[in-house]
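1. Predicted model and sequence follow; I will ask about them next.
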Amino acid sequence: MTALVIRGGHLIDPAAGVDGLKDILLRDGRVAEIASPGKLKQAEGAGGPDVQTLDATGLTVAPGLIDMHVHLREPGQGYKETIATGTAAAAAGGFTSVAAMPNTRPVNDSPEITRWMQAAERSAAIRVFPIAAATRGSKGEAINDFAALKSAGAVAVSDDGLPILKDGVMREALAAAARVGLSVIQHAEDTRMTHFAGGIAGMNAGAMAFKLGLRGWPNEAETSIVERDIRLVQELRDARVHLHVAHISTAGALAAVRQARRNGLRVTCEVTPHHFLLTEEHVGLYNTNAKMCPPLRAEADRDAMLEGILDGVVDAIATDHAPHAVHEKEVEFEQAPNGITGLETALGLSLRWLRGEGKLPLGRVLGLLSAQPAALLNLKGRGTLTVGSFADVVVFDPKAEWTYNARETRSKSRNTPFDGWAMQGKVRWTISEGRIAYKSE
Amino acid sequence: MTPSATSKRRPIHPPAAPALAFPYHPGSLLSASDLTLDDISDILTRATALENQDPLTRDRILAKRRVALLFYESSTRTRTSFELAAKGLGADTTLISSLSSSIEKGESLKDTGLTLRALGAEAIILRHNSSGAPWLLEAETRLPVLNAGDGMHEHPTQALLDLRTILAHLRPGTHAVTAETLAGVTITIVGDILHSRVARSNMQLLPRLGARVLLCGPKELLPEIAAQTGPGIPPQRQGPVAGDPGIVIERNFETALRQSQVVMMLRIQAERLAGLQLDLEEYKANYQLTGPRLAAQAPQAIVMHPGPIIRGLEVTAGVADGVQSVILEQVRNGVAIRMAVVERALTAAQPKGGRA
């Protein structure tokens, strides 16, 4: 029996309404007891050989973070990232759960791959929850067997990286997913507006794209799909139907989600740190580490993302962690693959900007990074630290300021626009189901 | 997940994009917007001096210096004039084209650039089908890079040779330019602005000398946003220019012509029109520069074209060969301008870790 006691920390568990100094006992991968400092009843044995104590004086103790949108690249592209390296980066960033998108090679559209990704041989540092492909090969045509995928461990379905364009297929996906209690996560991009004969749009449409001679990715390509999907949800008239919009980036799409919610529909969305902090200006002169899909937007859209986070229409912060090897990004902008890493910077950026500058209460920031994504993915016993829940914990120094250095990343890749950025809040320990998955030196 | 009032909320102002380090090498010419008015004056002055110099002394200026021409796209004018310019100054040139090199085997631009540097290239002249490629090449090699056309982005030496041609006709003898040099001059650029690197470089250059640039074409080839992309709009490092904006969209060709002292026709690629479902006959009816149209609306204007010309499409043969045409003067000016920028590339002070 191994046990871990976290003493003297400030426990913030927004889902349970806890916000105060507490000692916590973790045993057998679960939260065993929470008590005022020095009052743990079951901790008499503490000090014995099997009980480790962490001194969290002056530190914040919170439910481990949950990133509902990452790309771990396995199977198939282990040179960019492996499940082991991606989850090591996640643990360093305070995450104890990640939901891995299915655009692997081959596409994760089967129970076999879904199980393979969760196998012990992958050496994951934290818990990996696969999101399975909604359609066969993510080709947007034939719906997969969602019941089988769910029993293999899939927590949602998505063709992320590609949209489900056909109305009929999307309608069927929403209905079929609802029957088995899964959400459909849509990558909202009408590729008829972003893929051209001469190439694929690589940055936001507008004056900057024109000036740089790059093909533009218009806002309407996102808003039109989000509006179409909401219409489908409405038409289905089934309260179990859950549409989740991945990496929302435009004011128009966010307004559509807001309205859908007012109409009582189960439509949710996530925003990435890069879409709430950066604008198309950060592309500069063809910086491939500022190239992702959807692209960095105009200032008005960026401000709308911040506003949506502050006013609550945004349900979760997700990173869309998308590692690519150095040589893949050291190419002509138009040839560079989409995506940036994000697992190690999400907490530091969120605390620095949402909490520090925006004065969003710490519990709200942490909720966006744990309790809310847990609810969206229906992860039972995670995103909270009530007795009996999983011992997924992040302990961080909320006052510590530090600078992110991409060269020290635990990811295999370092394609980030946040290299050298100031961060707030340093992770001291990340505990995954009672095991220390990361500790800072 | 219901929104709750956050009364203490305050606006967040995340950091602006960092200042750009480009160009790293002061001898590079990546964008027309990199050049200050003094730089432009120096290039124009040197172009004339070099053109007038005895070829037997001129070829000692860069004797045995090594210049690589790296061409990922076919080219007649630009490649030949850069080559003649470099050789005219005595430099050794070598041509690497994508179809007869390891580029065909999949070698990256970075590796090709590093290989050329290792072979002793002191400057690289790059023509590439991807917008922004010269910035990548310069960042990776830190050599002076001359942009000889990147995708649909820029073609700065074309803008400079166009400027030299315009000055020769409208401001003869002028080499030192100011923000007023082209005050009162209207220049119309006609046709496929969307895909044109020539248009983009001229849009960066000409308004800063005081010119008013009219853009003319159908909306499929000339989006409204183009009017907002002149100097003073990021990304560029010199801040807004007085008198800006100097770029206006005028879709009626006759109206534009009537105001113009210079008409710059762009090449039309029929396959692009097909992709956009534009009717070629309709395009010609509205935008082809014909003899009668020119005589009626702009009998004094000079007619320019960066080439290659598709006779009978954007211009009629009569106009291309007519007295108002300065198309071959442009070609000739290309050699002089490129001598000046190649000399500048190889004689500029060594970089001190990049300009802010």
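-> Yep, that arrived. On a predicted model such as this, the values are computed, not experimentally measured, just so you know.
2. where do the helices sit along the stretch 151-300 of chain B?
-> B:156-170, B:197-205, B:253-259, B:270-275, B:280-287, B:291-297 (DSSP state H, counting those that start in this stretch).
3. Walk me through the domains of the chain.
-> Since no chain was named, I'll use chain A. Taking automatic domain parsing as the reference, chain A has its domains at A:3-61+A:390-402+A:421-439, A:64-377.
4. Oops, wrong one, chain B.
-> According to automatic domain parsing, the ranges for chain B are B:32-154+B:334-344, B:156-331.
5. Figure out which of these is closest to chain A.
-> Closest approach to chain A among these (CB to the nearest CB): domain B:32-154+B:334-344, 2.9 Å. C-beta coordinates here come from the backbone N, C-alpha and C atoms, glycine included.
6. mind checking how far that closest one is from the chain centre?
-> Domain B:32-154+B:334-344 sits 14 Å away from the centroid of its parent chain (CA atoms, centre = their mean, to the nearest Å).
7. Now do the strands in the stretch 101-250 of chain A.
-> Using DSSP state E, counting those that start in this stretch, the strands of the stretch 101-250 of chain A run over residues A:127-130, A:157-158, A:184-186, A:195-196, A:199-200, A:203-204, A:216-217, A:243-245.
8. ok, and which of those strands has the densest surroundings?
-> strand A:157-158 (a mean of 29; mean count of other CB atoms under 10 Å in any protein chain shown).
9. Just the helices from the stretch 301-441 of chain A, written as ranges.
-> For the stretch 301-441 of chain A, helices defined by DSSP H, counting those that start in this stretch occupy the ranges A:326-329, A:346-349, A:362-369, A:371-377.
10. Look at A:V257 and say how many residues are nearby.
-> 26 (other CB atoms under 10 Å in any protein chain shown).
11. SS state for it?
-> Under DSSP: H, G, I helix; E, B strand; the rest coil, A:V257 falls in the helix class.
12. Wait, it touches A:S249, no?
-> No. With contact defined as CB atoms under 8 Å, A:V257 does not reach A:S249; the gap is 12.0 Å.
13. circling back: nearest to B:Q300, of the domains of chain A?
-> Among the domains of chain A, domain A:64-377 comes nearest to B:Q300, with 31.8 Å by CB to CB.
14. tell me how far the ends of the closest one are from each other?
-> Domain A:64-377 has an end-to-end distance of 15 Å (CA to CA, to the nearest Å).
15. So which of the strands of the stretch 101-250 of chain A is nearest B:A19?
-> The closest of the strands of the stretch 101-250 of chain A to B:A19 is strand A:203-204. By CB to CB, the value is 19.4 Å.
16. Those residues of the stretch 151-300 of chain A touching chain B, which are they?
-> Within reach of chain B by CB under 8 Å from any CB of the partner chain, the stretch 151-300 of chain A has these residues: A:197, A:206-208, A:210-214, A:268, A:276-279, A:281-282, A:284-286.
17. Tell me how many other residues crowd the nearest residue to B:A168 once chain neighbours are set aside.
-> Take B:A168 and drop its neighbours on the chain: the residue closest to it by CB to CB, 6 or more residues apart in numbering or on different chains is B:E329, 7.2 Å away. Other residues near B:E329 number 16, with proximity taken as other CB under 10 Å.
18. got the strands of the stretch 101-250 of chain A as JSON lines, with distance to B:L29 and mean pLDDT columns?
-> Listed next are the strands of the stretch 101-250 of chain A as JSON lines, based on distance: least, CB to CB, whole Å; pLDDT from 0 to 100:
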{"stretch": "strand A:127-130", "distance to B:L29": "50", "mean pLDDT": "98"}
{"stretch": "strand A:157-158", "distance to B:L29": "46", "mean pLDDT": "98"}
{"stretch": "strand A:184-186", "distance to B:L29": "45", "mean pLDDT": "98"}
{"stretch": "strand A:195-196", "distance to B:L29": "29", "mean pLDDT": "90"}
{"stretch": "strand A:199-200", "distance to B:L29": "25", "mean pLDDT": "90"}
{"stretch": "strand A:203-204", "distance to B:L29": "24", "mean pLDDT": "98"}
{"stretch": "strand A:216-217", "distance to B:L29": "26", "mean pLDDT": "96"}
{"stretch": "strand A:243-245", "distance to B:L29": "44", "mean pLDDT": "98"}
